[in-house]
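1. Provided below are the primary sequence and the corresponding predicted coordinates.
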Amino acid sequence: MLPPIPPSPEEMRRARSRVAALKERARRRRRRHRLAAGGFAAVVAAAAAAATSAWLIPSSKTSTVRVISPSTTITSPASTTVPTGTTLPGVAATRTSLLYGGPGVVVVGTAPTGEAGPPRLYLSTDAVHWANVTPPQSQAADNGSYGWFEQASFLNASTGWVTSWNPATIGGRIFQTTDGGKTWNSIPGGGHSGNAGATNLVDLISPTTAFAEDFEPTAPSMSLSITTDSGKTWKTIYKGPPPTPPNGRYQGPFEMPMTFTDTRHGFAAMGVPPAESVDPEGDFFSTSDAGLTWQRQTPPLPDSPLTCPTSVDSTRTTTACLYTLPRFFDTNHGILAAVMTQGSHAYVAFDDTSDGGQHWTRASQAPVTVTPNPTQGGVQGTATFGYPLISPASARTWWVLGWSGSTATTKITTDTGTHWTTSTAPLPLGDPTALAAVDSTHALLTIENVTANGATTQLLVTANDGRTWAKPSLPK
């Protein structure tokens with residue numbers, strides 16, 4: 001057989017141009033999948049090991065409804081670290097490709113704009129002190145291009161998996177650590193096509209067991225797989241089905257992010273913001289047989305004057321009703337957020353369970369104002385919805401972030417919704433896209449800014465419960 005003919009310089013230039021276009025389209029679509037559960041999506045791996053984390057206290061909430069009162073409002077001073085309508089210095093050179101918050105750990109992945117150089121990975125246990133834990137295996141270019149870190153799943157601050165993807169090779173790798181990123185094992189995995197929206201989500205259940213979802217929205221298709229040997233082999237469990245005509249109602253968790261509490265019990269939700277821009281009806285499913293079959297659940301929605309849609313393909317819908325993925329703090333106790341939103345008005349309820357998710361009870365709710373943001377997937381027909389960002393820091397501490405124009409409003413409870421503190425602060429140019437709360441005062445936030453030259457994503461941190469936001473000091 002003759003050896004392959006190497007491409008000409010002009011063919012290489014055209015190929016790089018096509019790759020750049022694919023990368024941008026795929027990156028933005030994948031972001032919608034990563035944000036499908038708001039802050040909750042970042043903690044999908046916490047369930048199995050959360051009971052062993054000292055800062056995760058099982059919820060002692062009763063089944064009564066606690067509305068936000070009394071509350072305290074804090075307004076930040078006019079002069080802050082991030083003036084309204086400005087961009088932060090230094091953010092144009094890099095973008096944030098990964099923001100993950102799990103049990104006692106936060107992980108950030110960055111990459112040079114245009115993937116002109118190798119990516120970086122950072123880990124912290126308090127959002128103040130950071131370590132550069134970049135896997136050495138991720139620093140080599142492949143086929144003339146560098147990949148970026150795409151998704152993470154950690155059991156605790158020591159044990160976790162991080163996926164990366166290279167658009168030039170249409171391939172991915174899974175990096176595994178058991179010592180907090182000091183050393184990494186690298187295996188093929190987490191790969192997907194270069195089609196817009198294609199992604200792979202990994203949910204770590206134990207050091208050797210994980211679930212993985214493959215999304216191919218342009219097909220459309222999806223599959224759920226499991227490994228019990230650290231990713232050496234995978235077994236496909238579930239595929240589809242897609243929405244069923246004529247009303248387009250989902251009969252199962254098709255292309256919905258999932259989280260598992262063990263090898264048999266799991267949940268799937270359209271997410272907040274939704275994984276796709278065409279579904280204002282947020283279905284919520286559970287499984288008790290490792291994902292072979294799924295049952296629809298209806299956790300309580302907020303008390304509000306809004307009415308939920310009756311069909312996912314309704315173009316006359318003015319209200320969206322969605323659920324986040326739940327977060328469990330032991331095998332029985334967990335919380336999720338239910339959101340009803342219309343225009344710039346959103347109502348958020350937190351539901352809790354004490355029986356592993358078989359039943360859900362509304363524990364608290366809070367109104368929030370949020371500017372409709374089309375980049376989050378908020379367009380249905382002629383209606384545009386605004387979605388708040390939601391992230392639990394622990395079983396008792398929950399964050400809700402909304403915004404109006406260039407002002408962010410952060411609501412925080414440290415007693416499971418009995419009392420809420422509200423802070424306001426200006427934000428730089430762009431739209432908030434992901435929130436990862438660490439404790440009652442520290443949280444990370446990503447801001448996307450779309451211009452004629454493309455999209456950039458910058459990372460902000462607060463150390464004073466949302467009164468000011470600034471660029472974190474990440475090591476080189």
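-> Noted; the coordinates are in hand. Residues are numbered from 1 along each chain as shown.
2. Now stretch 255-268: buried residues?
-> By 16 or more other CB atoms under 10 Å, the buried positions in stretch 255-268 come out as 255-261, 265-268. C-beta coordinates here come from the backbone N, C-alpha and C atoms, glycine included.
3. Over to stretch 464-471?
-> Within stretch 464-471, judged by 16+ other CB under 10 Å, the buried ones are 465-469, 471.
4. try stretch 236-243
-> Buried residues in stretch 236-243, counted by 16+ other CB under 10 Å: 237-238, 240, 242-243.
5. try stretch 299-312
-> 299, 301-302, 304, 306, 309, 312.
6. just stretch 102-120 next, same as before
-> 102-111, 113, 115, 118-120.
7. got the buried residues of stretch 236-243 as a markdown table, with distance to residue 318 columns?
-> As requested, the buried residues of stretch 236-243 are exported to a markdown table (distance: CB to CB, whole Å):
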| residue | distance to residue 318 |
| --- | --- |
| 237 | 37 |
| 238 | 33 |
| 240 | 29 |
| 242 | 25 |
| 243 | 21 |
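8. hang on, the earlier thing: which of the buried residues of stretch 102-120 sits closest to residue 227?
-> The closest of the buried residues of stretch 102-120 to residue 227 turns out to be residue 102 (CB to CB; 19.2 Å).
9. Where do the strands of the stretch 51-200 of the chain begin and end?
-> For the stretch 51-200 of the chain, applying DSSP state E, counting those that start in this stretch gives strands covering 66-67, 71-75, 94-102, 105-112, 120-124, 131-132, 148-154, 160-166, 171-177, 185-188, 199-204.
10. My read is that residue 174 contacts residue 187, right?
-> Yes - the criterion here is CB atoms under 8 Å, and residue 174 meets it with residue 187 at 5.3 Å.
11. more neighbours, these two?
-> Using other CB atoms under 10 Å, the more surrounded residue of residue 174 and residue 187 is residue 174, with 25 against 15.
12. Can you tell me how far that one is from residue 162?
-> Using CB to CB, to the nearest Å, we find residue 174 at a distance of 7 Å from residue 162.
13. And residue 170, by the same measure?
-> Relative to residue 162, and taking CB to CB, residue 170 is found at 19 Å.
14. between these two, which one's more packed in?
-> Neighbours per residue (other CB under 10 Å) separate residue 170 from residue 162, with residue 162 holding more: 29 against 17.
15. For that one, list the residues it contacts.
-> By CB atoms under 8 Å, 6 or more residues apart in numbering, the contact list for residue 162 reads 98, 107, 109, 121, 135, 149, 151-152, 174-175, 177.
16. Could you dump these into JSON lines and include distance to residue 439 and pLDDT?
-> As requested, the contacts of residue 162 are exported to JSON lines (distance: CB to CB, whole Å; pLDDT from 0 to 100):
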{"residue": "98", "distance to residue 439": "21", "pLDDT": "95"}
{"residue": "107", "distance to residue 439": "16", "pLDDT": "97"}
{"residue": "109", "distance to residue 439": "22", "pLDDT": "96"}
{"residue": "121", "distance to residue 439": "22", "pLDDT": "97"}
{"residue": "135", "distance to residue 439": "27", "pLDDT": "97"}
{"residue": "149", "distance to residue 439": "24", "pLDDT": "95"}
{"residue": "151", "distance to residue 439": "23", "pLDDT": "94"}
{"residue": "152", "distance to residue 439": "19", "pLDDT": "97"}
{"residue": "174", "distance to residue 439": "29", "pLDDT": "96"}
{"residue": "175", "distance to residue 439": "27", "pLDDT": "97"}
{"residue": "177", "distance to residue 439": "23", "pLDDT": "98"}
